[in-house]
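A.B. asks: Sequence first, then the predicted structure:
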Amino acid sequence: MSYLMIINDGPYGNERAYNALRLAMSLQKKSKEIDLIISMVGDGVVNAIQGQNTPSGYYNIGSMLKSILSKKGKVKL
């Protein structure tokens, strides 16, 4: 199975990027045989900046991306 997710919102301020990454991580847990590509465009590119401070009450987007990449997911900017 192949999946393409497009994220065009920044990491904090709303939950769209978080929900997309949470779904991606769930798909990877369900099957090791998936081909997962996350494409970040526009404001979504900000999600990939390293060393961001995670605001109180939010999940660390960087940690989520590292988890996806460690399971052979691909991130395109």
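C.D. replies: That came through fine.

A.B. asks: What about the closest residue to residue 4 other than its chain neighbours, how many residues nearby?
C.D. replies: Counting by Cβ to Cβ, 6 or more residues apart in numbering, residue 4 lies nearest to residue 37, which is 5.0 Å off, once chain neighbours are set aside. Any C-beta I mention is one placed from the backbone N, CA and C, and that applies to glycine too. When neighbours are counted by other Cβ atoms under 10 Å, residue 37 registers 14.

A.B. asks: ok, and what's touching whichever strand or helix holds residue 37?
C.D. replies: Assigned by DSSP states H and E, residue 37 belongs to strand 35-40. Applying Cβ atoms under 8 Å, 6 or more residues apart in numbering, the external contacts of strand 35-40 come out as 1-8, 20-21, 24, 27-28, 47-48, 65, 68, 72-77.

A.B. asks: Drop anything exposed from those residues.
C.D. replies: The neighbour count (16 or more other Cβ atoms under 10 Å) marks 5, 7, 20-21, 24, 27-28, 47-48, 65, 68, 73, 75 as buried among the contacts of strand 35-40.

A.B. asks: right, and the pair among the residues you listed with maximum separation?
C.D. replies: 27 and 48 (19.3 Å; Cβ to Cβ).

A.B. asks: who's in contact with residue 31?
C.D. replies: residue 1.

A.B. asks: Report the separation between the residue nearest the centre of the chain and residue 77.
C.D. replies: Among the residues of the chain, the one closest to the centroid is residue 21, at 3.7 Å (Cα atoms, centre = their mean). According to Cβ to Cβ, to the nearest Å, residue 21 and residue 77 sit 15 Å apart.
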